[in-house]
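Visitor: When you get a sec, could you give me coordinates for this:
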Amino acid sequence: MITKKQRSLIMSKIKAKNTQPEVYVEKFLRSKRIKFTKQAKLPGKPDFFIKSLKRVIFVNGCFWHMHKCNKFRMPKSNVSFWKKKLNRNVERDKHNCNRLRNSGLKVLNVWECKLERIRLYAK
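Guide: Numbers count the residues shown, from 1 in each chain. Have a look, this model is predicted:
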């Protein structure tokens, strides 16, 4: 069993931006010479905003956004906290995507697990 102090240390190491999946998408956009803004000041702070195409891209981690894939697994400890936390994330994502779509933008959600598969085939 992990202590609260150990768990806190582990969680503090989790990055919010410039994650490996984001870096991969950024390299792809640059290779296609697509101009973008990172962490745009829009609802939900999309990872990438392509103004010329009116597109926003969210690069989502499967755990934090409860993707229905084999990478997501509900933690076995403190289950009620995690259910509440992760469900709030999903609801917030839906709300932000709706706000962005209502403002005339197209929203693309890129999942961590899908990028891993693409990277495997690209090598």
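
Visitor: tell me the secondary structure for V59?
Guide: With DSSP: H, G, I helix; E, B strand; the rest coil as the basis, V59 sits in strand.

Visitor: Okay, strands next: where are they in the protein?
Guide: Taking DSSP state E as the criterion, the chain carries its strands at 37-38, 48-50, 55-60, 106-111.

Visitor: where's D93 relative to P43, distance?
Guide: 10 Å (Cβ to Cβ, to the nearest Å). Where you see a C-beta, it was placed from the backbone N, CA and C, and this is true even at glycine.

Visitor: Sorry, wrong one. I was asking about K114.
Guide: Distance, K114 to P43, using Cβ to Cβ: 23 Å.

Visitor: Also R117?
Guide: Counting by Cβ to Cβ - R117 and P43 are separated by 29 Å.

Visitor: Tell me which of those two has more neighbours.
Guide: It is P43, of R117 and P43, that has more neighbours when counted by other Cβ atoms under 10 Å, with 17 against 10.

Visitor: That one reaches L100, doesn't it?
Guide: Yes: applying Cβ atoms under 8 Å, one finds P43 in contact with L100, separated by 5.7 Å.

Visitor: Contacts only, for L100.
Guide: L42, P43, G44, P46, V56, V107 (Cβ atoms under 8 Å, 6 or more residues apart in numbering).

Visitor: Find the nearest non-adjacent residue to it, please.
Guide: V107 (5.3 Å; Cβ to Cβ, 6 or more residues apart in numbering).

Visitor: what pairs with the one you found across the strands?
Guide: V56 (DSSP bridges).

Visitor: burial count for it?
Guide: Counted with other Cβ under 10 Å, the neighbours of V107 add up to 17.

Visitor: Which pLDDT value goes with the most centrally placed residue in the chain?
Guide: Centroid-nearest residue in the chain, with Cα atoms, centre = their mean: N60, separated by 2.0 Å. pLDDT for N60: 93.

Visitor: how far away is it from N102?
Guide: 20 Å.

Visitor: swap in A40?
Guide: Taken as Cβ to Cβ, the span from A40 to N102 is 16 Å.
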